[in-house]
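Colleague: using only what follows, build the 3D model:
(2 chains)
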Number of protein chains: 2
Amino acid sequence: MISVVILGAGNVATHLYKAFRKADTVEVKTWFNRDISKLSDYKKEVSITDDLSLLGEADVYIIAVTDRAIEGLTNKLTFKGNLVVHTSGSISMHTINKRHRRGVLYPIQSLSKNSDIDFSYVPLCLEAVTKEDLNILKNLANAVGSPFYKVNSDQRLTLHLVAVFVNNFTNQIYRLGHEIADAKQIEFDILKPLILETANKVQHISPYLAQTGPAKRNDKRTIEKHLQLLENTDYKEIYNLLTNSIQKTHGISSSTKARNKTIKK
Amino acid sequence: MISVVILGAGNVATHLYKAFRKADTVEVKTWFNRDISKLSDYKKEVSITDDLSLLGEADVYIIAVTDRAIEGLTNKLTFKGNLVVHTSGSISMHTINKRHRRGVLYPIQSLSKNSDIDFSYVPLCLEAVTKEDLNILKNLANAVGSPFYKVNSDQRLTLHLVAVFVNNFTNQIYRLGHEIADAKQIEFDILKPLILETANKVQHISPYLAQTGPAKRNDKRTIEKHLQLLENTDYKEIYNLLTNSIQKTHGISSSTKARNKTIKK
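Modeller: Numbering: from 1, shown residues only, chains lettered A, B, ... in the order given. Below is the predicted model of the structure:
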């Protein structure tokens, strides 16, 4: 049995709590939040507190709070030599006060508040100073059924960056698609299966091999038609930049790129 | 029973053929291709030909060839008054020779050669001149289980453009993610569940509501860290452009945008 204290009441804290509750080999000893009212839904099933001196003894203390609050919170934990981990993608493990055994448990997933999360689809990026502490984190990952990866702080920041690309930027591309469709009274629903298939495809083959479309096959006529259709200059700029990016990836000649740049202006 | 002649041997032609073969209410009378050897795998189950005078009589003639070949091919069809449709997203219905009853059946999906396609996930965008012809195309969509939408040529070109955004551009974003991860010896596998979840999320909520991340919450520290990490100027440019796009969508002040532009240079 691994005993855990959770600090924080955001999405990551809440989903971790729920996953630990379901796990046979994890016990949540205490759940802390500065504003205890945010934990009141759970007060019958777990010990909740807003007092850092009442956390109790546990194998792991998980700091799942906003990035800039991590350092201060670990400074306030007065005990010594316990395993304290944060859950951030972009904060160094060494931000945790050095009187603790330090570690990181960073879930790479979009953990929305109200959805039920299946942790077998939440890869956990683990970091710790010692093998023993890494093993505790691995056991925690196993307990909730998550795939896990040993990742150092530099790699983790890169992962966080790549997550911004494949999650936030991709989602913004969907949003632009939604706007462009809406302006022509086209239901966004028509595009949903394609969105899903595009994501499904790269589960099995590389995005390089999965690429298709006018940029990849250097279909200048279609590219021209699209650019004429896009009245908004922001959309045009994104169209050009990503078309050029695809063509660079697939080794298509720079004459096309030069031409696109002219159109762009 | 709807009788069909298919012209072409590419991915769309082949997947339509397979779907029609499985459908109870569709009969493929003839499958034409200029290079008949590309159809030889199917010669035992369907009448194949490379001779346009041997197509025979059918309810619908489906021209599933490359965009620039559509017009010439419909000119060569010497019969009159039959329903002839193409499958292109970016070609006007009126490109089809006017001695035919004209129409379009445009599948919005990424139809890779070797994968099995479930047509219930392939929305068909239909266009025809008369209600009767539209009904024939609707029946064809029903026969293969596809959702269908009545879409005019202008909307269809817009859909084709939006498909480039949500499929090709999204896939390129995945590719960039793959490159950035690779450079730090990070397995791309770690990111696959997030890619899938991002696509899944917008099946139920709008991309506007689904957005999260540093750009959306205007987390300048993280944005700065990411930009420092991105050495490649192409990546930086895409990061800046999409960060600014997210911030514009979500009404975040232009001071940030100006700042990002400075970093970009």
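Colleague: pretty sure residue A:238 sits in a helix.
Modeller: Yes - counting by DSSP: H, G, I helix; E, B strand; the rest coil, one finds residue A:238 located in a helix.
Colleague: dump the residue contacts of it.
Modeller: Residue A:238 is in contact with A:173, A:176, B:169, B:241, B:242, B:245, counting by Cβ atoms under 8 Å, 6 or more residues apart in numbering or on different chains. Where you see a C-beta, it was placed from the backbone N, CA and C, and this is true even at glycine.
Colleague: I figured the first one hits residue B:168, correct?
Modeller: No - using Cβ atoms under 8 Å as the test, residue A:173 is too far from residue B:168 to be in contact (9.8 Å).
Colleague: return the subset of the contacts of residue A:238 lying in helices.
Modeller: A:173, A:176, B:241, B:242, B:245 (DSSP state H).
Colleague: tell me who's in contact with the last one.
Modeller: For residue B:245, the residues meeting the contact criterion (Cβ under 8 Å, 6+ apart) are A:172, A:176, A:234, A:238.
Colleague: closest one of those residues to residue B:211?
Modeller: Within the contacts of residue B:245, proximity to residue B:211 (Cβ to Cβ) peaks at residue A:172, which comes in at 7.0 Å.
Colleague: who touches the helix or strand hosting residue A:208?
Modeller: Taking DSSP states H and E as the criterion, the element that holds residue A:208 is helix A:207-210. Taking Cβ under 8 Å, 6+ apart as the criterion, the residues outside helix A:207-210 that touch it are A:198, A:201, A:202, A:249, B:112, B:171, B:172, B:174, B:175, B:177, B:178.
Colleague: if we can go back for a sec, name the member of the ones in helices among the contacts of residue A:238 with the most neighbours.
Modeller: Ranked by the number of neighbours (other Cβ atoms under 10 Å in any protein chain shown), the ones in helices among the contacts of residue A:238 place residue A:173 first, at 27 neighbours.
Colleague: can you pull the pLDDT of it?
Modeller: Confidence at residue A:173, expressed as pLDDT, is 98.
Colleague: residue A:213 now?
Modeller: Taken from the predicted model, the pLDDT recorded for residue A:213 is 93.
Colleague: and the one 4 residues further on, by the same measure?
Modeller: Looking at residue A:217, its pLDDT reads 93.
Colleague: which helix or strand contains the closest residue to residue A:186 other than its chain neighbours?
Modeller: With sequence-adjacent residues excluded and distances taken as Cβ to Cβ, 6 or more residues apart in numbering or on different chains, residue A:186 is closest to residue B:155, at 5.3 Å. Using DSSP H and E, residue B:155 falls within helix B:153-163.
Colleague: by contact count, what packs against that helix?
Modeller: Here helix B:153-163 is seen to pack against helix A:170-183, helix A:220-229, strand B:101-107, strand B:124-128 when contacts are counted using 3 or more Cβ pairs under 8 Å, 6 or more residues apart in numbering or on different chains; DSSP states H and E.
Colleague: 6 Å - rerun?
Modeller: The helices and strands touching helix B:153-163, judged by 3 or more Cβ pairs under 6 Å, 6 or more residues apart in numbering or on different chains; DSSP states H and E, are helix A:170-183.
Colleague: identify the residues contacting residue A:133.
Modeller: With contact set as Cβ atoms under 6 Å, 6 or more residues apart in numbering or on different chains, residue A:133 has these partners: A:83, A:101, A:103.
Colleague: CSV for these, including pLDDT, distance to chain B and neighbour count?
Modeller: Output for the contacts of residue A:133, formatted as CSV (pLDDT from 0 to 100; distance: Cβ to the nearest Cβ, whole Å; neighbours: other Cβ atoms under 10 Å in any protein chain shown):
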residue, pLDDT, distance to chain B, neighbour count
A:83, 98, 23, 22
A:101, 98, 25, 20
A:103, 98, 18, 23
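Colleague: distance to residue A:77 for these - can I get that in CSV?
Modeller: Formatted as CSV, the entries for these read as follows, by distance: Cβ to Cβ, whole Å:
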residue, distance to residue A:77
A:83, 11
A:101, 12
A:103, 14
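Colleague: hmm, which helix or strand of chain A has the shakiest average pLDDT?
Modeller: In chain A, the helix or strand scored least confidently by mean pLDDT, DSSP states H and E is helix A:254-264, which has a mean of 47.
Colleague: could you report the distance from residue A:144 to residue B:190?
Modeller: For residue A:144, the distance to residue B:190 equals 16 Å [Cβ to Cβ, to the nearest Å].
Colleague: these two - which one has more neighbours?
Modeller: Comparing residue A:144 with residue B:190 by other Cβ under 10 Å, the one with more neighbours is residue A:144, at 24 against 21.
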